[in-house]
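Chemist: sequence unknown, structure follows:
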């Protein structure tokens with residue numbers, strides 16, 4: 001094998017499936033054989049040219065990656081420096097610098113010099129992916145092998161774990177999730193697994209999946225109707241925690257109204273650049289609300305996500321509704337665009353680990 005298939009972004013909006021030479025392995029690099037890459041809306045925005053910030057010309061897309069160690073550099077010791085060839089691993093996409101102010105304060109997830117697999121560094125829509133020395137810590141072995149598309153979900157799960165670890169979600173908590181896309185569904189599953197009571201709000205086509213992921217009540221209501229439904233569900237008080245899991249600025253004032261006195265509102269979703277939202281400051285003041293944000297994940301968050309999935313403590317497999325071969329990557333992205341299902345996985349044809 002002296003070449004591989006890769007989905008490369010030649011220019012904004014021009015994703016090309018091409019043959020490339022296998023990346024050269026330097027003494028402290030690792031080559032992973034990609035088993036599956038799941039797609040998200042960010043991949044679609046990059047592929048169509050809507051997102052260009054931080055995107056390197058010619059980059060291979062894909063940041064939700066499950067793989068196996070294929071080859072390791074001559075200066076690395078298998079099982080000591082890196083997992084041994086043949087080991088199934090997840091690959092955290094964030095390559096943090098380790099020395100900026102956010103990194104040294106424990107917030108490497110918002111590193112000032114962040115590089116990302118699939119955006120600035122070649123990602124998972126290829127047979128093989130080169131992990132450079134500075135990113136070896138991103139390689140995370142499983143506790144036991146699982147289906148590769150399920151392991152690829154460690155990336156979105158890690159981001160959700162980071163958010164929920166900062167929220168008071170416990171047995172009996174009332175958690176309202178706004179948005180029933182894959183991210184909202186993961187939040188439903190996490191809250192349910194913590195023993196919370198979950199209400200999910202989203203598009204009607206996604207309400208049944210929300211129930212399957214643990215929501216006891218689902219609704220497609222909006223505005224004041226939603227506020228009334230939430231308060232009726234929560235004994236007239238409102239939710240303990242409200243998670244905004246879709247990037248709609250119009251949900252911000254509604255989220256605050258849905259929270260109980262002393263409640264928490266999490267701005268989890270990314271919002272459109274330049275977006276603004278209005279919120280009644282007296283709601284925050286008199287109801288003593290806590291508003292927090294959460295972005296990306298640290299390596300610890302990612303390791304926790306891989307362990308959570310590979311140990312079987314949480315099952316996100318119902319989220320994988322479509323699988324495509326790498327040669328059909330255009331069809332896979334079209335399935336994301338048309339919202340044909342929940343999560344779409346792309347699987348290259350196998351490369352034997354050695």
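Modeler: Everything's here; your move. Model, not experiment: these values are computed from the prediction.
Chemist: Find out how far the worst-scoring helix or strand of the chain on mean pLDDT is from the centre of the chain, if you would.
Modeler: Of all helical and strand segments in the chain, the minimum by mean pLDDT, DSSP states H and E falls on helix 41-48, at a mean of 92. Computed by Cα atoms, centre = their mean, to the nearest Å, the chain-centroid distance of helix 41-48 equals 14 Å.
Chemist: ok, now stretch 281-290?
Modeler: 30 Å.
Chemist: picking that back up, after the least confident helix or strand of the chain, next one along is what?
Modeler: strand 64-72 (DSSP states H and E).
Chemist: Buried residues of that next one, list them for me.
Modeler: The neighbour-count check on strand 64-72 (16 or more other Cβ atoms under 10 Å) flags 64-72 as buried. Using the backbone N, CA and C atoms, a C-beta is placed for each residue, glycine as well.
Chemist: other SSEs contacting it?
Modeler: Counting contacts by 3 or more Cβ pairs under 8 Å, 6 or more residues apart in numbering; DSSP states H and E, strand 64-72 is packed against strand 30-39, strand 88-91, strand 128-131, helix 148-152, helix 154-164.
Chemist: In a markdown table: the ones you listed, plus distance to residue 11.
Modeler: Formatted as a markdown table, those follow (distance: least, Cβ to Cβ, whole Å):
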| stretch | distance to residue 11 |
| --- | --- |
| strand 30-39 | 20 |
| strand 88-91 | 26 |
| strand 128-131 | 22 |
| helix 148-152 | 27 |
| helix 154-164 | 26 |
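Chemist: In CSV: the ones you listed, plus mean pLDDT.
Modeler: Converted to CSV, these look like this (pLDDT from 0 to 100):
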stretch, mean pLDDT
strand 30-39, 98
strand 88-91, 98
strand 128-131, 98
helix 148-152, 98
helix 154-164, 98
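Chemist: Tell me which of these sits nearest to residue 195.
Modeler: helix 154-164 (12.6 Å; Cβ to Cβ).
Chemist: Tell me the pLDDT of residue 1.
Modeler: pLDDT, residue 1: 67.
Chemist: Give me the distance between the host helix or strand of residue 15 and the centre of its chain.
Modeler: Per DSSP H and E: residue 15 is located in strand 14-21. Relative to its parent chain, strand 14-21 has a centroid offset of 25 Å by Cα atoms, centre = their mean.
Chemist: what mean pLDDT does it have?
Modeler: Mean pLDDT, computed over strand 14-21, is 94.
Chemist: got the angle for it vs helix 41-48?
Modeler: Going by axes from the mean of the first three to the mean of the last three Cα atoms, to 10 degrees, strand 14-21 is angled at 90 degrees with respect to helix 41-48.
Chemist: Pretty sure residue 247 is one of the things residue 184 touches, is it not?
Modeler: No - applying Cβ atoms under 8 Å, one finds residue 184 not in contact with residue 247, separated by 11.4 Å.
Chemist: Which one of the two is surrounded by more residues?
Modeler: A side-by-side neighbour count of residue 184 and residue 247, using other Cβ atoms under 10 Å, places residue 184 first with 27 against 16.
Chemist: Find the nearest non-adjacent residue to that one, please.
Modeler: Distances taken as Cβ to Cβ, 6 or more residues apart in numbering put residue 245 closest to residue 184, at 3.7 Å, once the chain neighbours are dropped.
Chemist: got the contact list for residue 268?
Modeler: Shown here is residue 268, whose contacts under the criterion Cβ atoms under 8 Å, 6 or more residues apart in numbering are 159-160, 163, 183, 187, 243-245, 293-294.
Chemist: Could you list the low-pLDDT ranges of this structure?
Modeler: By pLDDT under 70, the low-scoring segments of the chain are 1, 350-354.
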